[in-house]
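In: heads up, no residue letters with this:
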């Protein structure tokens with residue numbers, strides 16, 4: 001009654017001098033079916049409705065340049081999509097599985113086909129740097145070869161650190177370990193690194209390398225050629241990693257995709273070329289593939305036994321939306337080693 005007494009009547013159902021807080025102003029906004037309206041400040045146009053999946057909100061941890069459809073903005077992960085399984089709060093985690101084919105001097109004139117599976121993870125460390133660790137297990141030559149009935153198993157481990165940036169110099173350095181078991185048993189390690197200059201338009205130019213850290217000896221079947229035939233005898237092989245020096249061009253795509261092409265040479269003067277590409281399927285799945293080819297040495301007696309090549313493809317699962325939905329500062333700069341980035345030879 002006191003409130004009514006303070007207002008002057010203008011008509012049967014209207015008031016004058018009524019405070020705006022006491023009035024309800026309703027505006028009809030059309031919302032597409034199946035969409036939920038999100039209200040926030042600082043969006044493209046004042047008063048324009050924004051619908052989920054079209055722009056990132058605070059929960060998507062989007063810290064890249066500007067807002068809008070997913071482009072080159074990066075985040076630090078840590079936010080899992082509701083459709084995926086909950087995981088510890090890592091900066092980045094991915095699991096992968098796929099198939100491969102490769103050959104090299106240790107194949108002794110034959111090829112290897114098989115499957116691989118593994119994971120790669122990144123955890124924030126200090127001053128913008130991130131630690132990475134991953135494994136890659138391979139199984140090949142299920143029916144053996146002409147010199148052994150055994151199948152071939154390999155186990156790659158990669159650990160190191162890196163720093164991703166939106167623009168400027170980014171770099172990474174890792175140590176790769178390889179355990180290779182066939183008709184021999186060898187353990188090798190190498191140092192692998194890369195540094196490149198990332199430009200604002202998503203292009204990057206850089207250099208990557210590998211340096212062998214050790215060599216080992218093992219008993220294995222060694223081929224002896226003559227009289228249009230080949231014979232295998234047990235002998236001692238000295239096995240070591242191949243040093244690689246290559247320049248690359250990398251292009252960043254939207255939603256975490258990227259492609260890279262490179263060319264260079266090895267420490268024994270063999271030319272090489274290769275590339276890799278990663279394409280997002282949805283926020284939780286990606287497809288990746290890579291290849292490497294190293295020509296044979298001109299001085300080799302049997303050049304087919306001196307060339308090296310690798311082709312592989314993987315289906316990659318990124319359970320955290322911050323991992324797969326857009327670029328992530330914690331996504332490892334270098335993939336886990338495989339037969340394309342860890343080359344071996346024997347003497």
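Out: Sure, I can see it. Please read these numbers as outputs of a predicted model, since none were measured by experiment.

In: What count of nearby residues applies to residue 225?
Out: With neighbours defined by other Cβ atoms under 10 Å, the count for residue 225 comes to 12. In this view, the C-beta of every residue, glycine as well, is placed from N, C-alpha and C.

In: That should have said residue 317, apologies.
Out: By other Cβ under 10 Å, 18 other residues sit near residue 317.

In: which stretches of the protein aren't confidently modelled?
Out: Applying pLDDT under 70 to the chain picks out residues 1-90, 300-301, 321-327.

In: what do you get if the cut-off is 50, keeping everything else the same?
Out: 1-27, 35, 38-44, 46-73, 78-84, 87-88, 323-325 (pLDDT under 50).

In: those strands in the stretch 201-347 of the chain, which residues are they?
Out: Remark: strands assigned in the stretch 201-347 of the chain by DSSP state E, counting those that start in this stretch are 203-212, 216-226, 229-241, 244-252, 258-266, 271-282, 285-294, 308-317, 327-328, 344-346.

In: What pairs with the last one, parallel or antiparallel?
Out: Its sheet considered, strand 344-346 pairs with strand 229-241 (antiparallel) by DSSP bridges.

In: What are the buried residues along the partner strand?
Out: Applying a neighbour-count criterion of 16 or more other Cβ atoms under 10 Å, one finds 232, 237, 239-241 buried in strand 229-241.

In: Please, which helix or strand holds residue 153?
Out: Secondary structure from DSSP states H and E places residue 153 in strand 152-163.

In: For that strand, enumerate the helices and strands it packs against.
Out: If you count contacts as 3 or more Cβ pairs under 8 Å, 6 or more residues apart in numbering; DSSP states H and E, strand 152-163 packs onto strand 112-124, strand 130-140, strand 168-181.

In: From the ones you listed, pick the one with the highest average neighbour count.
Out: The highest mean neighbour count among the helices and strands packed on strand 152-163, using mean count of other Cβ atoms under 10 Å, belongs to strand 130-140: a mean of 20.

In: ok and that strand relative to strand 168-181, angle-wise?
Out: Comparing the axes of strand 130-140 and strand 168-181 via axes from the mean of the first three to the mean of the last three Cα atoms, to 10 degrees yields an angle of 30 degrees.

In: Adding distance to residue 267 as columns, could you present the helices and strands packed on strand 152-163 in a markdown table?
Out: Below are these laid out as a markdown table (distance: least, Cβ to Cβ, whole Å):
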| stretch | distance to residue 267 |
| --- | --- |
| strand 112-124 | 23 |
| strand 130-140 | 24 |
| strand 168-181 | 16 |
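
In: how about these, which one is nearest residue 150?
Out: Closest to residue 150 of the helices and strands packed on strand 152-163, according to Cβ to Cβ: strand 168-181, at 8.3 Å.

In: Tell me the buried residues in whichever helix or strand comes after the closest one?
Out: Next in sequence after strand 168-181, counting helices and strands by DSSP H and E, comes strand 185-198. By 16+ other Cβ under 10 Å, the buried positions in strand 185-198 come out as 186, 188, 190-196, 198.

In: from the chain's centre, how far out does stretch 224-241 sit?
Out: Distance of stretch 224-241 from its chain centroid, counting by Cα atoms, centre = their mean, to the nearest Å, is 38 Å.
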